[in-house]
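# Here is a sequence with its predicted model. Questions after.
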Amino acid sequence: MLSIKRNILLNPGPSTTTDTVKYAQVVPDICPREKEFGSLMEGLRKDLVKIVHGDTQKYTSVLFCGSGTINIDVCMNSLLPEGKKVMIINNGAYSTRAVEVCQYYGLPHIDLRFPVDQIPDMTVIEETLKNNPDIALVHTTHNETGTGILNPIRKIGALVHRYGAVFTVDTTSTYAMRPIHIEEDNIDFCMASAQKGLMSFTGLSFVVGNRKIIEESADYPKRSYYCNLFLQYDYFQKTGEMHFTPPVQTIYATLQALKEYWHEGEQAKWARHTRVFHAINDGLDELGFRQVIKPQWRAGLVSSAVYPDDPNWDFDKIHDYCYERGFTIYPGKISTTNTFRLCALGAIDKADIEEFFKVFKKALQSVHVAIPVRYGD
Ligand SMILES: *Cc1c(COP(=O)(O)O)cnc(C)c1O
């Protein structure tokens, strides 16, 4: 096997992959309608449920060919009964994306906004549920990847269920990293894509959720042809295949990534991401960077650092200096504050972060940013 140049991706996905996962894509050409391919898909779908400790009788996974946003699109447009409303608990960019999906489909919705650096207020959530008995679907994001804040999904889910609504959670940036227990966490549907926690490639996304609710949704209004949850589920049930062409090579890579996931183990993998996250925070602290999210609210996977008040600060130049040396850093996603992000996803460990900070410090020096970095107030 040729060794491939190893880049350390500190962006919020796609993440750094192992060479064995990269090479798993190189397979003899196959038509995905062959039985051989179908049987691979069956095992894959069960594994995706097991990662969130779901009982495979009660929960299933439904695959789509697309990036992670396709899951948000699918859940919003497929799981809303006629004449009912969606509520989105929104404290960041990814929940805002769900609001935009509702706008595009013309779905009646409540955009329940909270500040991006704050945990949603449970009393406000409960009041809104109480005052709007037509809310049938509630959606939020687990780790708001725009900032790295962790939303208390278990508590929110309990409340949502008390008011008889279905709870969908965007777990794209926690799935297969931070342990999730679909049933205990009160989740009806969660979602992810192969290029994040699983450390595989872009092109395969999936919704893991409650079979009974999917079956009930058979009669709900059909608002999309390609992105309907029931249609895709039903086709799987009848044929064991995806309705339309699957991302064949990404599926082979993901099967290898799953082997590596079970081999590393849920707890050990989470411990590794935590180690990486602590190394990132230590490095940022040492250079004097401020972060957006309070330590106790961080999901442990994304650090959002505030741009220093230094006339020499130049994100693009700093990015390019690091990029040329194999490290990718990423801009923030908050409209009111200028930030950049360093993420703990991918097949990386503490030593990679220590190497990164040597390069990052040199990058700051190369543009003459004062160290420790300075803030105006
Ligand atoms: C990455 C991510 C997505 C998907 O984004 P794509 O650009 O479509 O891959 C969705 N939700 C969250 C929380 C994410 O982190």
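Cool, got the structure. Numbers count the residues shown, from 1 in each chain.
# how does the protein divide up, domain by domain?
27-262, 266-366 (automatic domain parsing).
# Of all those, which one comes closest to the ligand?
domain 27-262 (2.5 Å; Cβ to the nearest ligand atom). In this view, the C-beta of every residue, glycine as well, is placed from N, C-alpha and C.
# Do a quick rundown of the helices in the stretch 1-150 of the chain.
For the stretch 1-150 of the chain, helices defined by DSSP state H, counting those that start in this stretch occupy the ranges 19-23, 35-50, 69-78, 93-105, 122-131.
# contacting residues around the last one?
Spelled out, it's helix 122-131. 87, 89, 110, 112, 114, 135, 138, 152, 155-156, 159-160, 163, 165 (Cβ atoms under 8 Å, 6 or more residues apart in numbering).
# The stretch 51-200 of the chain: strands as residue ranges?
59-65, 85-90, 109-113, 135-141, 143-144, 149-150, 166-170, 189-193 (DSSP state E, counting those that start in this stretch).
# Reformat those as a markdown table; add distance to Arg290 and mean pLDDT.
What follows is the strands of the stretch 51-200 of the chain, written out as a markdown table (distance: least, Cβ to Cβ, whole Å; pLDDT from 0 to 100):
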| stretch | distance to Arg290 | mean pLDDT |
| --- | --- | --- |
| strand 59-65 | 38 | 98 |
| strand 85-90 | 24 | 98 |
| strand 109-113 | 24 | 98 |
| strand 135-141 | 23 | 98 |
| strand 143-144 | 18 | 98 |
| strand 149-150 | 15 | 98 |
| strand 166-170 | 27 | 99 |
| strand 189-193 | 30 | 98 |
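# Including mean neighbour count and distance to Ser303, could these go into TSV?
TSV is the format used below for the strands of the stretch 51-200 of the chain (neighbours: other Cβ atoms under 10 Å; distance: least, Cβ to Cβ, whole Å):
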stretch	mean neighbour count	distance to Ser303
strand 59-65	23	30
strand 85-90	24	22
strand 109-113	19	24
strand 135-141	26	17
strand 143-144	28	12
strand 149-150	24	11
strand 166-170	27	20
strand 189-193	28	21
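# Would you reformat those strands as TSV and include distance to the ligand?
Shown next, in TSV, are the strands of the stretch 51-200 of the chain (distance: least, Cβ to the nearest ligand atom, whole Å):
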stretch	distance to the ligand
strand 59-65	11
strand 85-90	12
strand 109-113	17
strand 135-141	5
strand 143-144	7
strand 149-150	11
strand 166-170	5
strand 189-193	6
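# Switch those strands over to TSV; also include distance to Lys361.
TSV is the format used below for the strands of the stretch 51-200 of the chain (distance: least, Cβ to Cβ, whole Å):
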stretch	distance to Lys361
strand 59-65	42
strand 85-90	37
strand 109-113	38
strand 135-141	33
strand 143-144	28
strand 149-150	27
strand 166-170	35
strand 189-193	33
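# Which of these sits closest to Ala176?
Closest to Ala176 of the strands of the stretch 51-200 of the chain is strand 189-193 (Cβ to Cβ; 6.8 Å).
# Can you get me a residue count around His368?
Neighbour count of His368, defined by other Cβ atoms under 10 Å: 11.
# Against Lys317, how distant is it?
Distance, His368 to Lys317, by Cβ to Cβ, to the nearest Å: 11 Å.
# now do Asp234
52 Å.
# for Cys31, phi and psi?
Cys31 adopts backbone torsions of phi -80, psi 130, taken as degrees, to the nearest 10.
# Run through the residues that contact the residue nearest to it when sequence neighbours are not counted.
Nearest non-adjacent residue to Cys31, counting by Cβ to Cβ, 6 or more residues apart in numbering: Phe37, 7.4 Å away. By Cβ under 8 Å, 6+ apart, the contact list for Phe37 reads Ile30, Cys31, Val248.
# For Ser217, state which of those is nearest.
Val248 (28.2 Å).
# what's the burial count for the nearest residue to the closest one once chain neighbours are set aside?
The shortest distance from Val248 to any non-neighbouring residue, by Cβ to Cβ, 6+ apart, is to Pro32 (5.3 Å). For Pro32, the neighbour count with other Cβ under 10 Å is 17.
# And Asp285, by the same measure?
By other Cβ under 10 Å, neighbour count at Asp285 equals 12.
# Residue numbering should commence at 714 henceforth.
From this message on, residue numbering opens at 714, which makes the last subject Asp998.
# In TSV: the contacts of helix 835-844, plus distance to Leu1000.
Conversion of the contacts of helix 835-844 to TSV gives the following (distance: Cβ to Cβ, whole Å):
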residue	distance to Leu1000
Met800	40
Ile802	34
Ile823	41
Leu825	36
Phe827	30
Ile848	45
Val851	40
Pro865	31
Lys868	35
Ile869	35
Leu872	40
Val873	41
Tyr876	46
Ala878	45
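# ok, so of those, who is nearest His986?
For these, the nearest to His986 is Pro865 (19.7 Å; Cβ to Cβ).
# check contacts around the closest one.
Contacts here follow Cβ under 8 Å, 6+ apart; on that basis Pro865 touches Ile832, Pro833, Met835.
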